[in-house]
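Q: one predicted model, sequence on top.
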Amino acid sequence: MKKQPFLRALIWTSVPAILMAAFLFMTMYQANDPKPENAPIFPRASMSIRTSDGKTISFSVEVATTAEQQTYGLMFRRSMPQDSGMLFIWQADQPITMWMKNTYIPLDMLFVQKDGTITKIATHTKPFDLGLISSDGPVRGVVELNAGEAGRHGLKVGDKVLFPAFSKGS
């Protein structure tokens, strides 16, 4: 069966247009998402949590204090060692919302007041979910741990995060 000249012309003009549209879409998509090779540097620190029953649990955390660090967070990470996490600290108390954009690791999020008191725990957050996870009130920081860590350590609302940014109570 012989193809019609019109159909052949349509195919030859449509394929390049479709390929160009796909290329432009991918370029725009990549330009809007941070790339792992451009990840900000996070300082490491030790942080502890004192539970209501008197236990002290230590964690190794990366600290996010700049807007760039806080925007990037744990995005694109495929794993995180046990008893590790990320600590987000803001200069003033404020309502905070987090999300899981480009985050592969399910997390537990601890929302922390300026005196170090944990006011809310969001457990087993869903990777890549764009739904907002709210602090439900003003907080000074958020601790992100691997999903299940809060339960494994018996962490509860009212426990205290021990870290210099919170001990000032300012």
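A: Nice, I can see it.
Q: same question for stretch 111-122, mean pLDDT?
A: Stretch 111-122 carries an average pLDDT of 98.
Q: mind listing what's buried along that stretch?
A: 111-114, 116-118, 120-122 (16 or more other CB atoms under 10 Å). Quick note: C-beta positions are derived from backbone N, CA and C, even for glycine.
Q: let's see the distance spanning that stretch from one end to the other.
A: 8 Å (CA to CA, to the nearest Å).
Q: for it, which outside residues touch it?
A: 49, 93, 96, 98, 108-110, 133, 135-143, 150, 155-163, 166-170 (CB atoms under 8 Å, 6 or more residues apart in numbering).
Q: narrow these to those that are buried.
A: Members of these classed as buried by 16+ other CB under 10 Å are 49, 96, 98, 108-110, 133, 135, 139-143, 150, 155, 159-163, 166.
Q: which members of these occur in strands, if any?
A: 49, 96, 98, 108-110, 133, 135, 139-143, 160-162 (DSSP state E).
Q: which one of the residues you listed is nearest to residue 85?
A: residue 143 (5.7 Å; CB to CB).
Q: who's that closest one bridged to?
A: residue 87, residue 110 (DSSP bridges).
Q: quick one: contacts for it?
A: Residue 143 neighbours (CB under 8 Å, 6+ apart): 47, 49, 59, 61, 85-88, 109-110, 112, 161.
Q: do a quick rundown of the helices in the protein.
A: With DSSP state H as the criterion, the chain has helices at 5-32, 67-72, 149-153, 164-167.
Q: pLDDT below threshold where in this protein?
A: By pLDDT under 70, the weakly predicted segments of the chain are 1-36, 168-170.
Q: farthest-separated two in the buried residues of stretch 111-122?
A: So, the buried residues of stretch 111-122 by CB to CB: farthest apart are 114 and 122, at 19.4 Å.
Q: hmm, residue 150 is touching residue 107, no?
A: No: checked against CB atoms under 8 Å, the pair residue 150 and residue 107 is beyond contact range at 9.7 Å.
Q: list the contacts for residue 141?
A: Contacts of residue 141 by CB under 8 Å, 6+ apart are 87-90, 111-112, 161, 163, 165-166.
Q: now flag whichever of the buried residues of stretch 111-122 is closest to residue 76.
A: Once CB to CB is applied, the member of the buried residues of stretch 111-122 that ends up nearest residue 76 is residue 122, at 20.6 Å.
Q: and the closest one, how far from residue 41?
A: From residue 122 over to residue 41 the distance is 27 Å, taken as CB to CB, to the nearest Å.
Q: can you check residue 103 too?
A: Applying CB to CB to residue 103 and residue 41 gives a distance of 19 Å.
Q: between these two, who's got more neighbours?
A: Between residue 103 and residue 41, counted using other CB atoms under 10 Å, residue 103 has the larger neighbour count: 20 against 8.
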